[in-house]
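J.: Requesting a structural model of the entry that follows:
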Amino acid sequence: MQTSIGFDYDRHTLHDFVAEYHGCGSINPEDIRWPTEHLKAKSFNLNPPSSDYSVTDEAHGPFNDAFRFFAHMPMMSEVREPMFTQASQAWSKYVIDGAIDQSWNGGWTAHEMLHFYRQITPPECQTTSNMKVLYAVIAAFDLLTAWTRFLDDALDGDADDEDKRAWYLHHPKSFPADSGLIISVGNRLLHYFIPESHPCKRDIIELYQDYMCYASSYLAISGARTQKSPNSTLKEKMKYLIDDVTKDTIEAYHYMRSGDYVLILLHVCRLVACYKGMLDTSDLRALYSDTVRRAIIVLQVVEDIRDTKNMGVEVPPRLSLNGYLEYVNDEMIKEFDSGEPNHAFLIASLEMGRGESSTVSLTEDEKEEIMETLRDCYFPNEENLEDVDSNHRRLYRLCAMFLKFDVYRYVKEQVLPSTLAKYFLTHEQAVQQLNMPNDLLSYALGSMICQESNSRPNHVALEVERVMEAPDEAINEKAKVLKMFKLLQNL
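T.: Model (predicted):
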């Protein structure tokens, strides 16, 4: 017999919560039909385009309702003492609601996963019961995104903006535990809301744990680079020289920033749809991941162009580097404060400084000026890490160099087209060999535009929707991507 101050070792409260979500006995989650015929498939079985549903309506409707429901999940379900359970429940709901509001680009994760799953799953496995399980999976990975954003804001020292609150500023004492709470809820969602009968449950949970370890490592490295090393051995292992940075280095950083996360999202959808054995050879796995990686690099370059529009200003030619300092402002330097080798402007500057571009004619002195500026300014010396004035000056000088050599235009006219060309090369192979959905990049760009701001112009959102829903026969993927990029520039 249990008492009010005893322990609910059978987790009755938690199991009742799961049952309430699935319909209180109206359906046994273990009886949900999954497309097990996909388990040995070697390519995707795509559904024809359908106008029967809107991913945007689903993300902001049923999925959002489910996500808000999960905020009530009992976190101390083993404890039955009201003083603890009530306090725990109130705070965990507050934290999870805050994490939902923090989710990347206001629902980008949900849009991408819903769209992908709907494309690769037969209609008979898109029932309300199927989708409820998928909503729980999406919520888990969206919470994982929010967790990384909580930590990243603290590492970067970000303040509040119109899209999010910097959690560490408002809740400094509970911040470490709140971060752990978020990923704990995600973990519970996968363990308790995916039926045991799903053939890929273990694989999905492993992906969640893999990304949690991966993101922890990446964020730890990013933070460690911007603090003084505890000892000389660590200092030596953590530093890098700008002369060691290659295009492969920068593309790897692009992938680490977000590419691995997007790849995991698509892997998760693939596994929920039971395509477990599809990538059973190294060549197919490489093609699949390379397609996603190159799409992400395009998105990162596009994002860098979007975030540096204020550097596309007209400035006088042939000034000294110091002569361009008066055209630099505090808004420009924000984009380069991290010092990590991951920005499209660094790709462009290195190509120009190393004489690797056939479209830019520079003297040897100009090339050396670019390289010396990058060496001096791109990553701060450890002794200057906490010197605000010194860091401010180096960032101003770095941006002055970008203005002098019109790096913004070079990125738009040279880096972006070459990056797109590489993506489409692998994209076409993936469509042929894996039957990958054809709109992987254009839909991601469209989602980026639609989630750019809650106050976006209605006509822009309508134009995005029109382009995304146009059949491939009427407008191909390359044309869609270019239209999306043009819309993004006009925001």
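
J.: Now residue 240, what are its backbone angles?
T.: Dihedral angles of residue 240 (phi, psi; degrees, to the nearest 10) stand at phi -140, psi 160.

J.: Check it and give its pLDDT.
T.: Predicted confidence (pLDDT) at residue 240: the value is 75.

J.: Quick check: it vs residue 341, distance?
T.: Residue 240 sits 7 Å away from residue 341, taking CB to CB, to the nearest Å as the criterion. Yep, even glycine has a C-beta here, placed from its N, CA and C like the rest.

J.: Looking at those two, which is more packed in?
T.: More crowded of residue 240 and residue 341, by other CB atoms under 10 Å: residue 341, with 20 against 14.

J.: Now that one: closest residue in space that isn't a chain neighbour?
T.: The shortest distance from residue 341 to any non-neighbouring residue, by CB to CB, 6 or more residues apart in numbering, is to residue 245 (4.8 Å).

J.: what about that neighbour, distance to residue 192?
T.: 45 Å.

J.: Repeat that for residue 185.
T.: Distance from residue 185 to residue 192, by CB to CB: 11 Å.

J.: out of these two, which sits in the busier spot?
T.: Just comparing residue 185 and residue 192: by other CB under 10 Å the higher neighbour count belongs to residue 185, 21 against 17.

J.: from what I can see the more buried one touches residue 70, true?
T.: Yes - at 6.8 Å, residue 185 and residue 70 qualify as touching, with contact defined as CB atoms under 8 Å.

J.: Now do the shared contacts for these two.
T.: Common contact partners of residue 185 and residue 70 (CB atoms under 8 Å, 6 or more residues apart in numbering): residue 96.

J.: what about the longest helix anywhere in the chain, average pLDDT?
T.: Using DSSP state H to define each element, the chain has its longest helix at helix 128-156. Taken as a whole, helix 128-156 carries a mean pLDDT of 89.

J.: chain center to that helix, what's the gap?
T.: 11 Å (CA atoms, centre = their mean, to the nearest Å).

J.: all strands of the stretch 251-400 of the chain, in order?
T.: In the stretch 251-400 of the chain, no strands are defined using DSSP state E, counting those that start in this stretch.

J.: who touches stretch 276-290?
T.: Identification of contacts with stretch 276-290 by CB under 8 Å, 6+ apart yields 38-44, 199-200, 203, 263, 270, 426, 429-430, 433-434, 436.

J.: Buried among these? Make that a PyMOL selection.
T.: Buried subset of these, written as a PyMOL selection, criterion 16 or more other CB atoms under 10 Å:
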select buried, resi 38+41+44+200+263+270+426+430+434+436
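
J.: Which ones among the contacts of stretch 276-290 map onto helices?
T.: Applying DSSP H to the contacts of stretch 276-290, the entries found in helices are 203, 263, 270, 426, 429-430, 433-434.

J.: In TSV: these, plus distance to residue 34 and pLDDT.
T.: Output for these, formatted as TSV (distance: CB to CB, whole Å; pLDDT from 0 to 100):
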residue	distance to residue 34	pLDDT
203	13	96
263	22	85
270	13	95
426	30	91
429	29	92
430	24	92
433	25	93
434	21	93
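
J.: Can you add distance to residue 349 and give the residues you listed back as CSV?
T.: Converted to CSV, these look like this (distance: CB to CB, whole Å):
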residue, distance to residue 349
203, 42
263, 28
270, 38
426, 26
429, 31
430, 31
433, 36
434, 36
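
J.: between these, which is nearest residue 146?
T.: residue 263 (19.0 Å; CB to CB).

J.: Provide a list of residues in contact with the residue nearest to the closest one when sequence neighbours are not counted.
T.: Computed as CB to CB, 6+ apart, the closest residue to residue 263 that is not its neighbour in sequence is residue 292, at 4.5 Å. Shown in contact with residue 292 (CB under 8 Å, 6+ apart): 259, 262-263, 266, 440.

J.: mind checking how far residue 392 is from residue 377?
T.: Applying CB to CB, the value for residue 392 to residue 377 is 11 Å.

J.: just residue 264 next, same as before
T.: Distance, residue 264 to residue 377, by CB to CB: 34 Å.

J.: Now for the chain, the helix or strand with the poorest mean pLDDT.
T.: Ranked by mean pLDDT, DSSP states H and E, the weakest helix or strand in the chain is helix 458-469, scoring a mean of 60.

J.: C-terminal to that helix, what's the next element?
T.: Counting by DSSP states H and E, the element after helix 458-469 in chain order, helix or strand, is helix 477-489.

J.: Check which helices and strands that next one sits against.
T.: For helix 477-489, the contact count by 3 or more CB pairs under 8 Å, 6 or more residues apart in numbering; DSSP states H and E identifies helix 282-307, helix 416-434, helix 440-450, helix 458-469 as packing neighbours.

J.: Buried residues, the second one. List them.
T.: The neighbour-count check on helix 416-434 (16+ other CB under 10 Å) flags 416, 419-420, 422-424, 426-427, 430-431, 434 as buried.

J.: Keeping just the C-alphas, turn stretch 291-309 into CSV.
T.: What follows is stretch 291-309, C-alpha atoms only, in CSV (Å, rounded to 0.1, in the frame of the first residue of the first chain):
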residue,chain,number,x,y,z
THR,A,291,23.8,15.9,-49.9
VAL,A,292,22.6,17.3,-46.6
ARG,A,293,26.1,18.7,-45.8
ARG,A,294,26.3,20.6,-49.0
ALA,A,295,22.7,21.9,-48.6
ILE,A,296,23.6,23.2,-45.1
ILE,A,297,26.7,24.9,-46.5
VAL,A,298,24.5,26.8,-49.0
LEU,A,299,22.2,27.8,-46.2
GLN,A,300,25.1,29.0,-44.1
VAL,A,301,26.4,31.1,-46.9
VAL,A,302,22.9,32.5,-47.6
GLU,A,303,22.5,33.3,-43.9
ASP,A,304,25.9,35.0,-43.8
ILE,A,305,24.9,37.2,-46.8
ARG,A,306,21.6,38.0,-45.1
ASP,A,307,23.2,38.9,-41.8
THR,A,308,25.8,41.1,-43.4
LYS,A,309,23.6,43.1,-45.7
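
J.: can you pull the buried residues of that stretch?
T.: Buried residues in stretch 291-309 (16+ other CB under 10 Å): 291-305, 308.

J.: Also stretch 205-214?
T.: Across stretch 205-214, burial judged by 16+ other CB under 10 Å covers 205, 207-208, 211-212.

J.: Just the residues contacting it, thanks.
T.: Contacts of stretch 205-214 (CB under 8 Å, 6+ apart): 140-141, 144, 183, 186-187, 190-191, 194, 260-261, 264, 267-268, 271.

J.: Select only the buried ones of those in PyMOL?
T.: Filtering those down to the buried ones (16+ other CB under 10 Å) takes a single PyMOL command:
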select buried, resi 140+141+144+183+186+187+190+194+260+261+264+267+268+271
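
J.: In helices, which of the buried residues of stretch 205-214 appear?
T.: 205, 207-208, 211-212.

J.: what about the helices in the stretch 251-400 of the chain?
T.: Residue ranges of the helices in the stretch 251-400 of the chain, as given by DSSP state H, counting those that start in this stretch, are 260-272, 282-307, 330-333, 344-353, 364-377, 388-404.

J.: can you tell me the average pLDDT over the longest one?
T.: I take that to be helix 282-307. Per-residue scores along helix 282-307 average to 87.

J.: same question, the fifth one
T.: This predicted structure assigns helix 364-377 an average pLDDT of 91.
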